[in-house]
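Trainee: Got a sequence here, can you model it:
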Amino acid sequence: MSTYDTGSLSALYQYDLLSSNSAGTRCTLEYIPGLRVGNGFLRRGPNQKIYFSRAWECDAFPACYPYPDSVYNQINMNLSVINSPDSLGLACNYTPYSFYLGGKRTYYGLPNNPDYDLPSLAGSPCDTLVSINEPASISTNANLHVYYAADWEKAFINADKLTGKHYRLRMVDVLGKEVYAESGALNSPYFTRDLNCASFASGIYLVTFETECERLVKKMQVNWR
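Mentor: Alright, predicted model coming up:
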């Protein structure tokens, strides 16, 4: 947990969420005195580390948002990292300003980058690829392969190791709008389709292939040359 006090002191705290009295386990990982450092967001990465964003409040604050070209320093050019967030105290290995942003700069926030290739988790209420009205996905060894060929303006869609007898193929854009759908019978454990994408706008699409036994999802990016 990070706090931000524009008048005097900001801090980064750790709590033991497994304790019956989490509030009483507060551990201070860092105090940040002064007016120049603004604590921002904390976000867990796919490597299970927690990244901590801060903003540098320059002399012209609040007019320094957005930053002038000259406002580069270690505070806004790096993220701080909690390397082992499930460990308590010093064992969490908190390292301030240790993740270099490659010459880019950060403010208070961190981006929300969804993983469009994330498979569904059966029975999970957090599955963002399946609506609450759809059945939970069934474990499967099937595979879905999607390749977009810009020169041919086509998507090559192939699935194998299928066990279902009927299928439904859908494609939606990042806003959830359906741009293509078809269904039919399966006579083998294989499916193949060459889909003309000439009418599709450039962008990212989700390709979903479903049978009564499988649900497979892949991301496809359409880029026009």
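Trainee: how close does the closest residue to residue 1 other than its chain neighbours sit to residue 20?
Mentor: Distances taken as Cβ to Cβ, 6 or more residues apart in numbering place residue 13 nearest to residue 1, at 4.7 Å, with adjacent residues excluded. In this view, the C-beta of every residue, glycine as well, is placed from N, C-alpha and C. Separation of residue 13 from residue 20 (Cβ to Cβ, to the nearest Å) stands at 18 Å.
Trainee: okay, these two: which has more neighbours?
Mentor: Regarding residue 13 and residue 20, a neighbour count based on other Cβ atoms under 10 Å identifies residue 13 as having more, with 13 against 7.
Trainee: Am I right that the more buried one is in a strand?
Mentor: Yes - with DSSP: H, G, I helix; E, B strand; the rest coil as the criterion, residue 13 is assigned to a strand.
Trainee: mind listing what the residue nearest to residue 107 when sequence neighbours are not counted touches?
Mentor: Once flanking residues are discounted, residue 107 sits nearest to residue 55: 4.6 Å by Cβ to Cβ, 6+ apart. The neighbours of residue 55, taking Cβ atoms under 8 Å, 6 or more residues apart in numbering as the test, are 37, 38, 40, 65, 75, 76, 106, 107, 108.
Trainee: how many other residues sit next to the nearest residue to the fifth one once chain neighbours are set aside?
Mentor: Residue nearest to residue 75 in three dimensions, not counting chain neighbours: residue 56, with 4.4 Å by Cβ to Cβ, 6+ apart. For residue 56, the count of nearby residues is 20 (other Cβ under 10 Å).
Trainee: Can you report phi and psi for residue 56?
Mentor: The main-chain torsion angles of residue 56 are listed as degrees, to the nearest 10 and equal phi -100, psi 120.
Trainee: now this structure, which segments are flagged as low pLDDT?
Mentor: Low-confidence segments of the chain, defined by pLDDT under 70: 4-9, 33-36, 59-64, 113-140, 224-225.
Trainee: need the strands for it, in chain order.
Mentor: All strands of the chain, identified by DSSP state E, fall at 2-3, 9-14, 27-33, 37-44, 50-56, 78-82, 94-100, 143-149, 154-160, 166-173, 178-185, 191-196, 203-211, 215-222.
Trainee: chain center to the fifth one, what's the gap?
Mentor: Going by Cα atoms, centre = their mean, to the nearest Å, the spacing between the C-alpha centre of strand 50-56 and its chain's C-alpha centre is 17 Å.
Trainee: re the thing from before, can I assume the residue nearest to residue 75 is in contact with residue 73?
Mentor: Yes - with contacts counted by Cβ atoms under 8 Å, residue 56 reaches residue 73, the gap being 5.7 Å.
Trainee: follow-up on the earlier one: residue 49 versus the residue nearest to residue 1, what's the distance?
Mentor: When Cβ to Cβ is the yardstick, residue 13 and residue 49 sit 17 Å from each other.
Trainee: So if we follow the domain assignment, how does the protein break up?
Mentor: For the chain, automatic domain parsing gives the domain ranges 2-100, 143-222.
Trainee: Tabulate the ones you listed in JSON lines, adding columns for distance to residue 112.
Mentor: Supplementary listing: the domains of the chain in JSON lines, determined by distance: least, Cβ to Cβ, whole Å:
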{"stretch": "domain 2-100", "distance to residue 112": "8"}
{"stretch": "domain 143-222", "distance to residue 112": "13"}
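Trainee: what's the nearest residue to residue 14 if we skip its chain neighbours?
Mentor: Using Cβ to Cβ, 6+ apart, the closest residue to residue 14 is residue 27 (4.6 Å).
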